[in-house]
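K.L.:
here you go, sequence then predicted model.
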Amino acid sequence: MVNLKRAMSVWRRNLTVYKRLYKSSMVLNFVEPVLYLLAFGIGLSTYLKEINGIPYIKFIAPGIVASSSAFAATYECTYGTYVRMHYQKTFDAILSTPVGINDLVLGEILWGATKGLIYGIIILFVTGISGLLNSWMVILSIPFIFISGIVFAELSIITAATVPGIDSFNYFYTLFMTPLFLFGGIFFPLDNLPSLITTLAFFNPIYHSVEIVRSLAWGDLKGSIPHMIWITAVCIALSILPFRLMYKRLIK
Amino acid sequence: MEIVSASGLVKEYNSFRAVNGIDFNIMRGECFGFLGPNGAGKTSVMRMIYCLMPPTSGRLHVFGMDVRTHPAEIKARIGVMPQENNLDPDLSVLENLIVYARYFGIRKREAIKRAEKLLHLVGLHDRINTDVERLSGGMKRRLVLARALLNEPELLILDEPTTGLDPLSRRQVWDMVKAEQKKGRTLILTTHYMEEAQRLCNRVAIMDSGNIVATGSPEELMERFGGNLEDVYLKLTGKRLNTETGEAYGQS
């Protein structure tokens, strides 16, 4: 059982803290995506003019939008959640009010996805006004940036509920997130690679969210639909486990 | 009337029995203390009363409701001062209270009204916009007490309210706690300080290894077992401690 109003009180707690701190952290968060665009888009495109007939920087821009958003949600619900749970004991304080464990977990997931959405929209805007996105249809990707944020928040909560300590997130990032990022179709298309990589890409949520933004950025609604279905299905499929595992970690 | 009633209450962590089938009743308007060494099971009992974790077996009713089936309703009427100060370090004094009030569904305007009144009560009204991190230990403790009173609780749970405080801060907390009892609130307290128990509690239960070894008013217990409350406490819980230290000396 979940009470949405109580879940939103947790979400608003995180928003209150974010509003106090974003000034110092916001800019820093955009350095990385901009660096990727500069390094690959300008550096590499001196040698690599086009991919599938698209200027290289325009090829990677939608990928940077999708992946930055995914990483924002992931950071929030791994390190952020763990600090609130373990070091600040914020969860203990919250759970001694009428807010229950399920309300708390839902609030955290929605907050992680919201952060992904904030970063996704801002980078969408920045790449858009820089002329890197071709179609206004890309705006349709916004709800799916949020849904993909939920997917990464769910995966992160699952991890945060199971790690023995905060250092264990290194394994999660090195062995899981980095491969998803590098083989997510951001920097090169995956179609012509060995079949093992294309098969694995099917299970990679970054790949699907990149394809949604990229297809729509080129006005291809039809091409984005299978990926929208995939990301929504996975969002639903992962919706039980974070609650179960957090219950096990905090209550039992 | 009974505010809390427990019978055959058991809490197990994996195979470790932290609370070993205890019975107790706490009446409206009294201050009831749980005394005992670390690991005696006091905090486990507290956490079950404020529905942070369910009992493994046995019966536990608060306000006549089962803690397993009505946690949100019970928690709405309880104020908790936990052992550790789990305040939000990134927020100001007032923001801490507003955020916490929201978990109870208290709106901002009402929350500010209550917060200002409570900050006067605990002597922090001139710190209303101070960052929590800049408060002294005693001030943090008083802020946690103010936070516990935001929902105007019928039952106030104080888990080691003065551990680590200097004598002056301790007395300030005692006076505030006594004043709350006078207002008709029921109090449950755990402490290591016999002086604290003697000053505040109408009745105490002495716990050892998950069992209640004696219950009664401090005066009754002193009469029954002889000496002051500390002598009673050591007599009832100290045997194990003595042999342990004896062994440790013997080994070295």
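P.N.:
That came in fine, so what should we check first?

K.L.:
which residues of chain B fall in helices?
P.N.:
B:42-49, B:71-75, B:93-103, B:108-121, B:137-149, B:167-182, B:194-200, B:218-225, B:229-251 (DSSP state H).

K.L.:
do the same with chain A
P.N.:
So, for chain A - with DSSP H - the helices run A:4-36, A:56-75, A:81-82, A:90-95, A:101-129, A:142-162, A:169-172, A:178-182, A:195-202, A:205-217, A:221-237, A:241-250.

K.L.:
B:G64 is nearest to which of those?
P.N.:
Closest approach to B:G64 among these (C-beta to C-beta): helix A:90-95, 22.2 Å. Quick note: C-beta positions are derived from backbone N, CA and C, even for glycine.

K.L.:
need the residues of the stretch 51-200 of chain A near chain B, please.
P.N.:
Applying C-beta under 8 Å from any C-beta of the partner chain, one finds that the stretch 51-200 of chain A approaches chain B through A:Q88, A:K89, A:T90, A:D92, A:A93, A:I94, A:L95, A:S96, A:T97, A:P98, A:V99, A:G100.

K.L.:
center of the chain - which residue?
P.N.:
Using chain A here. Closest residue to the average C-alpha location of chain A: A:A70 at 1.5 Å, with C-alpha atoms, centre = their mean.

K.L.:
looking at chain B here, not the other one
P.N.:
Residue closest to the average C-alpha location in chain B (C-alpha atoms, centre = their mean): B:L158, at 2.3 Å.

K.L.:
for that one, give the beta-bridge partners.
P.N.:
As for beta bridges, B:L158 partners with B:M81, B:L189 under DSSP bridges.

K.L.:
so how far is B:M27 from it?
P.N.:
B:L158 sits 17 Å away from B:M27, going by C-beta to C-beta, to the nearest Å.

K.L.:
residues near A:S195, how many?
P.N.:
7 (other C-beta atoms under 10 Å in any protein chain shown).

K.L.:
A:L140 too?
P.N.:
Neighbour tally, A:L140, other C-beta under 10 Å: 16.

K.L.:
quick one: least confident helix or strand in chain B?
P.N.:
helix B:229-251 (a mean of 65; mean pLDDT, DSSP states H and E).

K.L.:
what residues are up against B:I206?
P.N.:
Under the criterion of C-beta atoms under 8 Å, 6 or more residues apart in numbering or on different chains, the neighbours of B:I206 are B:L35, B:G36, B:I212, B:V213, B:A214, B:T215, B:L221, B:V232, B:Y233, B:L236, B:T237.

K.L.:
kindly report the same for B:G210.
P.N.:
B:R17, B:A18, B:V19, B:N20, B:I22, B:A40, B:G41.

K.L.:
what's the farthest-apart pair in these?
P.N.:
B:R17 and B:A40 (12.0 Å).

K.L.:
who in the stretch 51-200 of chain B is up against chain A?
P.N.:
B:52-54, B:71-73, B:75-76, B:78, B:80, B:82, B:84, B:86-91, B:95, B:98-100, B:102-105, B:151.

K.L.:
would you write a PyMOL line that selects the buried entries of the residues you listed?
P.N.:
Of these, the buried ones go into a single PyMOL selection, burial set by 16 or more other C-beta atoms under 10 Å in any protein chain shown:
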select buried, chain B and resi 52+53+54+71+75+76+78+80+82+86+87+88+90+91+95+98+99+100+102+103+104+105+151
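
K.L.:
residue ranges in the chain under the pLDDT threshold?
P.N.:
Chain wasn't specified; assuming chain A. Within chain A, no stretch falls below the threshold (pLDDT under 70).

K.L.:
think we crossed wires, I meant chain B
P.N.:
Flagging of chain B using pLDDT under 70 yields the residue ranges B:239-252.

K.L.:
show me which of B:R17 and B:A40 is the more surrounded one.
P.N.:
Per other C-beta under 10 Å, whichever of B:R17 and B:A40 has more neighbours is B:A40, with 23 against 17.

K.L.:
phi, psi of the more buried one?
P.N.:
Backbone torsions of B:A40, given as degrees, to the nearest 10, read phi -80, psi -20.

K.L.:
sorry, back to before: the residue nearest to the centre of chain A against A:E154, yeah?
P.N.:
No - in this structure, A:A70 is not within contact of A:E154 by C-beta atoms under 8 Å, at 11.9 Å.

K.L.:
do you know how far A:G184 is from A:L106?
P.N.:
A:G184 is 27 Å from A:L106, by C-beta to C-beta.

K.L.:
so A:I42 versus A:S130, what's the distance?
P.N.:
Distance from A:I42 to A:S130, counting by C-beta to C-beta: 12 Å.

K.L.:
same check on A:V151?
P.N.:
Distance, A:V151 to A:S130, using C-beta to C-beta: 27 Å.

K.L.:
higher neighbour count, those two?
P.N.:
A direct count of neighbours by other C-beta under 10 Å for A:V151 and A:S130 places A:V151 higher, at 29 against 13.

K.L.:
wait, the more buried one touches A:V234, no?
P.N.:
Yes - using C-beta under 8 Å, A:V151 makes contact with A:V234 at a distance of 5.5 Å.

K.L.:
overlap in contacts of those two?
P.N.:
Common neighbours of A:V151 and A:V234 (C-beta under 8 Å, 6+ apart) are A:P205.

K.L.:
could you dump the helices of chain B into JSON lines and include distance to A:R12?
P.N.:
Output for the helices of chain B, formatted as JSON lines (distance: least, C-beta to C-beta, whole Å):
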{"stretch": "helix B:42-49", "distance to A:R12": "26"}
{"stretch": "helix B:71-75", "distance to A:R12": "18"}
{"stretch": "helix B:93-103", "distance to A:R12": "6"}
{"stretch": "helix B:108-121", "distance to A:R12": "10"}
{"stretch": "helix B:137-149", "distance to A:R12": "17"}
{"stretch": "helix B:167-182", "distance to A:R12": "28"}
{"stretch": "helix B:194-200", "distance to A:R12": "36"}
{"stretch": "helix B:218-225", "distance to A:R12": "44"}
{"stretch": "helix B:229-251", "distance to A:R12": "45"}
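
K.L.:
for A:I145, which of the ones you listed is the nearest?
P.N.:
Of the helices of chain B, nearest to A:I145 by C-beta to C-beta is helix B:93-103, at 27.2 Å.
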